[in-house]
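Asks: Any chance you can model this:
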Amino acid sequence: MSETETIFSKIIRREIPADIVYEDDLALAFKDINPQAPVHIIVIPKQPLAKLADAESQDHALMGHLLLTVKRVAKLVELNNGYRVVINNGPDGGQTVNHLHLHILGGRPMLWPPG
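Replies: Sure, this is the predicted structure:
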């Protein structure tokens with residue numbers, strides 16, 4: 001696990017404002033400041049984990065919790081026609097913040113391939 005300071009760790013500690021839509025003991029969800037769809041929400045674990053590739057077997061409960069959090073948030077914001085979940089991993093995967101995060105994109109039909 002990485003203890004690297006990121007903008008997301010500052011959001012968790014409320015040092016930087018965010019439009020939070022959901023929070024529990026393990027995860028935080030907030031609106032993306034640069035949305036790529038009408039609905040674009042970021043879900044992050046409160047426990048620092050730099051990227052998906054760093055997850056180990058002891059993180060399985062957290063990883064499952066993050067996916068269930070995506071489901072809860074999508075229902076909360078009424079993405080009833082569907083949504084896309086994206087996890088960028090590393091520089092070639094488009095990850096720009098070294099704190100694992102899941103993008104929920106919705107509010108319009110998604111295209112394939114994504115990019």
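Asks: CA only for contacts and neighbour counts going forward, please
Replies: Fine.
Asks: buried ones in the biggest helix by length in the chain?
Replies: Using DSSP state H, we find that the single longest helix of the chain is helix 60-76. Buried positions in helix 60-76, judged by neighbour count with 16 or more other C-alpha atoms under 10 Å: 62-63, 66, 69-70, 73-74.
Asks: ok, which pair from those is furthest apart?
Replies: L62 and A74 (18.2 Å; C-alpha to C-alpha).
Asks: rewinding a little: by contact count, what packs against the longest helix of the chain?
Replies: strand 27-31, strand 39-45, strand 102-106 (3 or more C-alpha pairs under 8 Å, 6 or more residues apart in numbering; DSSP states H and E).
Asks: Among the ones you listed, which comes closest to V21?
Replies: When these are compared by C-alpha to C-alpha, strand 27-31 sits nearest V21, at 5.2 Å.
Asks: Between strand 39-45 and the closest one, find me the angle.
Replies: 160 degrees (axes from the mean of the first three to the mean of the last three C-alpha atoms, to 10 degrees).
Asks: how close does R14 sit to F30?
Replies: Per C-alpha to C-alpha, to the nearest Å, R14 is found 12 Å from F30.
Asks: any idea which of the buried residues of helix 60-76 is the one closest to L105?
Replies: A74 (9.2 Å).
Asks: before we move on, back to that, ok, R14 and F30, which is more surrounded?
Replies: Higher neighbour count among R14 and F30: F30, with 20 against 10, using other C-alpha atoms under 10 Å.
Asks: Provide the partner residues of the more buried one in its beta bridges.
Replies: Beta-bridge partners recorded for F30 (DSSP bridges): I20, I42.
Asks: ok, now which ones touch it?
Replies: Contacts for F30 were tallied using C-alpha atoms under 8 Å, 6 or more residues apart in numbering; they are 18-22, 41-43.
Asks: just I104 next, same as before
Replies: Contacts of I104 (C-alpha under 8 Å, 6+ apart): 39-43, 70, 74, 83-86.
Asks: How about P113?
Replies: P113 neighbours (C-alpha under 8 Å, 6+ apart): none.
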